[in-house]
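Colleague: Show me how the following folds:
(chains A and B)
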Protein chains: 2
Amino acid sequence: MDLDEFALRIGHRYRQPELLRRALTHRSHGAANNERLEFLGDSVVNCAVALELYHRFPRLTEGELSRLRANLVNQGSLAAAARRFDLGAHLLLGEGEVRSGGARRPSILADAVEAVIGATFLDAGFDAARGVVRALLGDAIDTIDPATSGKDPKTLLQEYLQGRRMALPRYSVIGTSGEAHEQVFEVECAIAELGIRSVGAGSNRRSAEQEAARSAYELATRA
Amino acid sequence: MDLDEFALRIGHRYRQPELLRRALTHRSHGAANNERLEFLGDSVVNCAVALELYHRFPRLTEGELSRLRANLVNQGSLAAAARRFDLGAHLLLGEGEVRSGGARRPSILADAVEAVIGATFLDAGFDAARGVVRALLGDAIDTIDPATSGKDPKTLLQEYLQGRRMALPRYSVIGTSGEAHEQVFEVECAIAELGIRSVGAGSNRRSAEQEAARSAYELATRA
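Modeller: Residues are numbered from 1 along each chain as shown, chains lettered A, B, ... in the order given. Reported below is the predicted structural model:
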């Protein structure tokens, strides 16, 4: 495992490489682990992303900025960044975690990303940490769309139709299958004015509706 | 209102004084208010205090650091800082808020403190903002005690007695008074080994017990 290479990819040269090593050490590996760095890094990434969003969206309210940030900084997004940079290959885990696939677990990956950001902050200050945040999350920050980010498909579809003064979609259950404890619902979403009918499936009616709305939204906005 | 004087007291000379003015402008005063700066400042103060605590308490876990920070950064502590620096005198409020005493309202004061920190961050970067955080909250940070911070009196008392291998205190309701909807409970806290009996009152049994524990803890630790 070449830590220098990983450091190069995230764009920071560590004066104290032991900080990076610590950031990649899960608690299952020993007492000198990354948990305190994760505490620090969590606040740094939130601060750095707040600053990016503040500048990028001068007209959004603080509530909208908060929502955007929550969609950029969460376990899923941080774990995805970890995967893009192959962080899992550099993790130091206890034997049990190695065997059970800890290097791919989203919570472990996300925590390590925060710890790496915290380590950079300690190593060279806020602006260096901000650079690593940009390396890790910059693409997501640059492409986030306040109009759609974090909204579920039914809400997106409803807003889209209301914006065009169209009637709301109609959802109807068109089928169920499977045993009681693993039933699958099929729901149709119909938008009369656009001639759209889409179908979604899910383990309950609500998730099937969301899936149907997702397809309908794609059809409507592509048209 | 001399903003320069306020800036001097919090230890930062603003290159863009309009940022400080904006930070002190409540939404009741107009559209160009401090709400977006507050969003930014909230993350900056949490990050700055995280860094202080990280260095100050090298042996605390991330959970303990989080608890300490929550006790340092909250509406009450931020409003108290605002009062020490007479921030209320510099607030720009709408007429209605001026009349109803908005300049003394803890939520308005706390939000303005966060906004001032956000404004400093934009004006001159993280280290400048960190300096203002130290000016505003440094005393609280320097004197916080991880052993007691944020713990309720019953917990404190119990930990104190357990640390001395003494029996736990006994709480008993010794009286109630008042109508059903505004009853007052009186609870006695007795610590046999120390010969301590204290009494607390409250609108329910739990708060009366906490008050009794608070007195007993003071008596026990003073002894």
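Colleague: Check the spacing between the residue nearest the centre of chain A and A:Gly138 real quick.
Modeller: Against the mean C-alpha coordinate of chain A, by Cα atoms, centre = their mean, the closest residue is A:Ser77 at 2.4 Å. Applying Cβ to Cβ, to the nearest Å, the value for A:Ser77 to A:Gly138 is 12 Å. In short, each C-beta sits where N, CA and C put it, glycine included.
Colleague: okay, and the common contacts of these two?
Modeller: Residues touching both A:Ser77 and A:Gly138 (Cβ atoms under 8 Å, 6 or more residues apart in numbering or on different chains): none.
Colleague: sec struct for the residue nearest to A:Gln162 when sequence neighbours are not counted, please.
Modeller: Excluding the flanking residues, the one nearest A:Gln162 by Cβ to Cβ, 6 or more residues apart in numbering or on different chains is A:Leu168, at 7.8 Å. Here A:Leu168 is coil, with the state taken from DSSP: H, G, I helix; E, B strand; the rest coil.
Colleague: A:Ser172 now?
Modeller: At A:Ser172 the chain is in strand, as set by three-state DSSP.
Colleague: That one: what's it in contact with?
Modeller: When contacts are counted by Cβ under 8 Å, 6+ apart, A:Ser172 touches A:187-188, A:190.
Colleague: Among the residues you listed, name the ones in strands.
Modeller: Residues from the contacts of A:Ser172 lying in strands, with DSSP state E as the criterion: A:187-188, A:190.
Colleague: most surrounded residue in those?
Modeller: With neighbours defined as other Cβ atoms under 10 Å in any protein chain shown, the most crowded of the ones in strands among the contacts of A:Ser172 is A:Val187; it has 25 neighbours.
Colleague: what's it in contact with, if anything?
Modeller: Taking Cβ under 8 Å, 6+ apart as the criterion, A:Val187 is in contact with A:171-174, A:199-202, A:205, A:208-209, A:211-212.
Colleague: Contact residues of chain A facing chain B?
Modeller: With Cβ under 8 Å from any Cβ of the partner chain as the criterion, chain A comes near chain B at residues A:35-36, A:38-40, A:42-44, A:46-47, A:50-51, A:54, A:60-62, A:65-66, A:121-122, A:125-127.
Colleague: which stretches of chain A form strands?
Modeller: A:170-177, A:184-191, A:196-202.
Colleague: picking up where we left off before, tell me how many other residues crowd the residue nearest to A:Gln162.
Modeller: So A:Leu168, with other Cβ under 10 Å, has 11 neighbours.
Colleague: Output the ones in strands among the contacts of A:Ser172 in CSV; the columns should cover pLDDT.
Modeller: Listed next are these as CSV, based on pLDDT from 0 to 100:
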residue, pLDDT
A:Val187, 96
A:Glu188, 96
A:Ala190, 95
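Colleague: quick check, nearest of the residues you listed to chain B?
Modeller: A:Val187 (37.7 Å; Cβ to the nearest Cβ).
Colleague: Return the residues in contact with the residue nearest to A:Gln162.
Modeller: Going by Cβ under 8 Å, 6+ apart, A:Leu168 touches A:158, A:161-162.
Colleague: Of the residues you listed, which is the nearest to A:Asp111?
Modeller: Proximity of those to A:Asp111 (Cβ to Cβ) peaks at A:Gln158, which lies at 36.1 Å.
Colleague: Show the residue spans covered by the helices in chain A.
Modeller: Using DSSP state H, the helices of chain A run over A:3-10, A:17-23, A:35-56, A:62-72, A:75-84, A:95-99, A:106-124, A:126-143, A:153-163, A:205-222.
Colleague: Might you report the residue contacts of the nearest residue to A:Arg197 once chain neighbours are set aside?
Modeller: Distance criterion Cβ to Cβ, 6+ apart; nearest residue to A:Arg197, sequence neighbours excluded, is A:Ala190 at 5.1 Å. Applying Cβ under 8 Å, 6+ apart to A:Ala190 gives the contacts A:169-172, A:196-197.
Colleague: Show me how the record splits chain A into domains.
Modeller: By the assignment in automatic domain parsing, chain A contains the domains A:3-143, A:153-222.
Colleague: chain center to the shortest one, what's the gap?
Modeller: The one in question is domain A:153-222. Taking Cα atoms, centre = their mean, to the nearest Å, one finds domain A:153-222 lying 24 Å from the centre of the chain it belongs to.
Colleague: end-to-end on that domain?
Modeller: Taking Cα to Cα, to the nearest Å, domain A:153-222 runs 15 Å from one end to the other.
Colleague: low-scoring stretches of chain A, by residue?
Modeller: A:1, A:223 (pLDDT under 70).
Colleague: returning to that earlier point: what's the most buried one of the strands of chain A?
Modeller: Burial of these is given as mean neighbour count (mean count of other Cβ atoms under 10 Å in any protein chain shown); strand A:184-191 ranks first at a mean of 20.
Colleague: Tell me the strands beside that one, with direction?
Modeller: Strand A:184-191 has the following sheet partners, assigned by DSSP bridges: strand A:170-177 (antiparallel), strand A:196-202 (antiparallel).
Colleague: ok, A:Arg83 to A:Arg9 distance?
Modeller: A:Arg83 is 13 Å from A:Arg9, by Cβ to Cβ.
Colleague: again, but for A:Ile144
Modeller: Note on A:Ile144: its distance to A:Arg9, by Cβ to Cβ, is 23 Å.
Colleague: Of these two, which one has the most company?
Modeller: A:Ile144 (20 against 14).
Colleague: is it true that that one touches A:Ala70?
Modeller: No. With contact defined as Cβ atoms under 8 Å, A:Ile144 does not reach A:Ala70; the gap is 11.2 Å.
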